[in-house]
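>>> Pasting a predicted model and its sequence here:
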Amino acid sequence: VNFLIINYWHKIKQKLKIKNYNKKQKVHLEDTPRLAGAVIFIIYLIFISLNLSESKTLLYLFLSFLPLFFISIKEDLYQNTSISKRIFAMVFSCIIFFNLNKTNFPLIDMPLLYPLFSNNLFLFIFFTFSSLVLINGFNLIDGMNGILGFTAISQLISLCYISYFITDYEIFNYSILFILSIIIFLL
């Protein structure tokens, strides 16, 4: 998929009536396909379809990323999506994930703030906001000659290391899946 997008980018652009990317943050001298997320998403979708019976977490992750995926593709292709719509999609994706996955949030034991952090609604809002900050941080470095890909790989390697030593092999395997899909994109 990556090979096809790169080699047929100009034809894809003409067919979908995509304009050249001319924002201030443009770093590439040549016209570069802005569809890395789609490539990684397709790899991930193929993996889910091959291993659907193995884990519902992958399916929940996939479903929760759909709003963010569609708004990101629209922005990458047409550059006409408002910031408020993008933030709404990020928040909506987080809410979907936390509701589908029935996440048990970690207890944050801070003496003065314990009453707040012991409230499930506050924890839900806090972790949704924290996830939003991470997603937006990744968005800020996206498109900068592979910086996002290499940053994500280093974070995932750290997650692999930790998950291996605490014997959470599910997180370990998911991290490997994402590392491999990012490497394919970077190549």
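In hand now; what should we look at?
>>> mind checking which helix or strand of the chain has the lowest mean pLDDT?
Of the helices and strands making up the chain, the lowest-confidence element is helix 2-7, at a mean of 68, by mean pLDDT, DSSP states H and E.
>>> Pull the number of nearby residues for residue 163.
For residue 163, the count of nearby residues is 19 (other CB atoms under 10 Å). (Glycine included, C-beta is placed from N, CA and C.)
>>> thinking it is in contact with residue 176, fair?
No. Contact criterion CB atoms under 8 Å: residue 163 and residue 176 do not qualify, at 9.9 Å.
>>> any residues in contact with both of the two?
Counting by CB atoms under 8 Å, 6 or more residues apart in numbering, residue 163 and residue 176 have no contacts in common.
>>> those helices in the chain, which residues are they?
Ranges of helices in the chain, per DSSP state H, are 2-7, 9-16, 36-50, 56-78, 83-101, 114-117, 120-141, 147-165, 169-186.
>>> contacts for the fifth one?
Translated: helix 83-101. So helix 83-101 is in contact with 57, 60-61, 63-68, 70-72, 75, 103, 124, 127-128, 131-132, 135-136, 139, going by CB under 8 Å, 6+ apart.
>>> So how do I select the buried members of those in PyMOL?
The PyMOL selection below is limited to those of these classed as buried (16 or more other CB atoms under 10 Å):
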select buried, resi 60+61+63+64+65+67+68+71+72+75+124+127+128+131+135
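>>> re the thing from before, the helices of the chain: which one's closest to residue 107?
For these, the distance to residue 107 is smallest for helix 114-117, at 7.0 Å, taking CB to CB.
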